[in-house]
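Asker: Dropping a prediction and its sequence here:
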Amino acid sequence: MSVSVNHITKIYGKQKVLNNISFDIGAGELVGFLGPNGAGKSTMMKILTGYITQSEGEVSVCGINVLNNSIESRKKIGYLPEHNPLYLDMYIREFLFFIADIHKIKNKKERVHEMIELTGLSPEKSKKIRQLSKGYRQRVGLAAALIHDPEVLILDEPTTGLDPNQLKEIRALIKSIAEKKTIMLSTHIMQEVEAICDRVIIIKNGEIVADNKIEMLQSKGEEIIEVEFQNPIPVSILKGLKEVKSVVQKSSTRFELISDESKDIRPMISQFAINNSNLVLSMQKREQKMEDIFQQLTKD
């Protein structure tokens, strides 16, 4: 396993931020690490990278115990934290040479050039970092995280604050890197998870509430039926239907009816319309999006 987390607990004072968390990430996986604010995502990533220590449990990266062999484990990890730490008065190449020196890279000139090309920094390579847009600063952070050719890449909110074009570019870059790296990605953007991740781990209040491939989570969630009737129907009547858990009203005639995963309520809806002298103009089952699943698993 590239990453192995066993019964990790982290306590700050009297607050238990992580509670007995365990998971493994295999070589070549791109895993979304999700949760609401304060769930413990950044804390778990900092433990993985050796920035802070756990209160209980054991973490290893590429078979190296992070607590006992912090320096060796860090050589295997590339880390881009949520708040990208850059020296703003340095030029891009100057900064990357500085990072290469820290990692004692021998062929640093070639490696810096390679990272600039890989991360699309060539058009801006002669600028100081403070002159760069947020998107290009993220690219610099990625280049710094990758320069020592780590086996595991840990990205904490790598696309926060980017415009749609920058989002698309950074996602494509992460996806291309994933062909050769194990990547753990934390984000609040569910479309990003659907676009690039193979699997998701969702935590709430410091505990794992889901760990599965995206398609498996989508198949196990609630069933959502979008239906339009010919005539208006009071939402209170729809909420009273036996197999319906909840109703989202779009208009006087358009609704989303939500049931348990095991219940196909479409025949019941058709019969309901007939019994009430109404017609169903359209009805379709909507595939659950990651946003729906995330809300179901993390809502209070």
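Answerer: Received, thanks.

Asker: can you give me the strands for the protein?
Answerer: For the chain, the strands defined by DSSP state E cover 3-12, 15-25, 30-34, 56-61, 64-65, 77-80, 152-156, 182-186, 199-204, 207-213, 223-229, 246-249, 254-259, 280-286.

Asker: now those strands in TSV, with mean pLDDT and distance to residue 166?
Answerer: The C-beta positions use only the backbone N, C-alpha and C, and glycine is treated the same way. Listed next are these as TSV, based on pLDDT from 0 to 100; distance: least, C-beta to C-beta, whole Å:
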stretch	mean pLDDT	distance to residue 166
strand 3-12	95	28
strand 15-25	95	27
strand 30-34	94	19
strand 56-61	95	29
strand 64-65	94	34
strand 77-80	93	15
strand 152-156	93	15
strand 182-186	93	16
strand 199-204	95	23
strand 207-213	93	28
strand 223-229	91	32
strand 246-249	91	32
strand 254-259	90	32
strand 280-286	90	30
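
Asker: Which of the ones you listed sits closest to residue 124?
Answerer: The minimum distance between residue 124 and those falls on strand 77-80, with 17.9 Å, by C-beta to C-beta.

Asker: what helices or strands is that closest one leaning on?
Answerer: Contacts defined by 3 or more C-beta pairs under 8 Å, 6 or more residues apart in numbering; DSSP states H and E place strand 77-80 against helix 134-146, strand 152-156.

Asker: What strands line up against it, and which way round?
Answerer: strand 152-156 (parallel) (DSSP bridges).

Asker: hey, C-alpha coordinates of the partner strand in CSV?
Answerer: Below are the C-alpha coordinates for strand 152-156, written out as CSV (Å, rounded to 0.1, in the frame of the first residue of the first chain):
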residue,chain,number,x,y,z
VAL,A,152,2.5,10.0,-3.1
LEU,A,153,1.0,13.4,-3.7
ILE,A,154,-1.3,15.0,-1.1
LEU,A,155,-3.3,18.0,-2.2
ASP,A,156,-5.4,20.0,0.3
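
Asker: Enumerate every residue touching residue 211.
Answerer: Residues in contact with residue 211 (C-beta atoms under 8 Å, 6 or more residues apart in numbering) are 23, 199-202.

Asker: Between the helices and strands packed on strand 77-80, which one is closest to residue 287.
Answerer: Residue 287 lies closest to strand 152-156 among the helices and strands packed on strand 77-80, at 26.8 Å (C-beta to C-beta).

Asker: Give me the contact list for that closest one.
Answerer: With C-beta under 8 Å, 6+ apart, strand 152-156 has contacts from 2-3, 41-42, 45, 48-49, 61-62, 76-82, 142, 145-146, 174, 177, 181-186.

Asker: Good, we can wrap up now.
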